[in-house]
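Novice: Could you work out the structure for the sequence below:
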Amino acid sequence: MEDWLRMRKAFWPDCPDDKHRQEMEQSLSLPGVVFVAEHKEAGLVGFAEISIRKDYVEGASGSPVPYVEGWYVDETYQGKGIGRSLIEAAEQWSLEKGFTQIASDALIDNSKSIAVHTAMGFREVERCVHFIKSLEKA
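Specialist: Here you go, the predicted model:
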């Protein structure tokens, strides 16, 4: 669990530890799966967190859909096929569960993630900028 937490903190550095731990517990208790990549000398070096989204998923032909909530490989181990193996495991798991699609996302300015998703066969279906406004009582 500590290696997974370490990697989550590297991937989502602005998220507080208690929220990471809460989300990790949810990942293990809700429908879905977490795949990890282990290096014999370095321990865990990557993860893919897959949820089952029952709400609307952009571009999906139906619902529910397996969704890559997080996909991370330690920088030292990137470019060695580990990320590909994690997604291939997620795809195989999804097929075995009867799903015909898998979805994911990337931040609009994360060209590296977009390129990796594209190389893995994901097709871009939409770009969106999200907004929020805090409201104060008058």
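Novice: Find the nearest non-adjacent residue to the residue most central in space within the chain, please.
Specialist: In the chain, the centroid-proximal residue (CA atoms, centre = their mean) is G70; its distance is 2.0 Å. Counting by CB to CB, 6 or more residues apart in numbering, E49 is the residue found nearest to G70 once chain neighbours are left out, at 4.3 Å. (C-beta placed from N, C-alpha, C; glycine too.)
Novice: ok, now which ones touch S85?
Specialist: For S85, the contacting residues are A37, by CB atoms under 8 Å, 6 or more residues apart in numbering.
Novice: Helix or strand: which one has it?
Specialist: helix 82-96 (DSSP states H and E).
Novice: what ranges do the helices span in the chain?
Specialist: Counting by DSSP state H, the segments of the chain that form helices are 2-11, 17-29, 82-96, 111-119.
Novice: which one of these lies closest to F35?
Specialist: Smallest distance to F35 across the helices of the chain (CB to CB): 4.8 Å, for helix 82-96.
Novice: quick one: average pLDDT of the closest one?
Specialist: For helix 82-96, the per-residue pLDDT values average out at 97.
Novice: Low-confidence regions, the chain specifically.
Specialist: Counting by pLDDT under 70, not a single residue of the chain qualifies.
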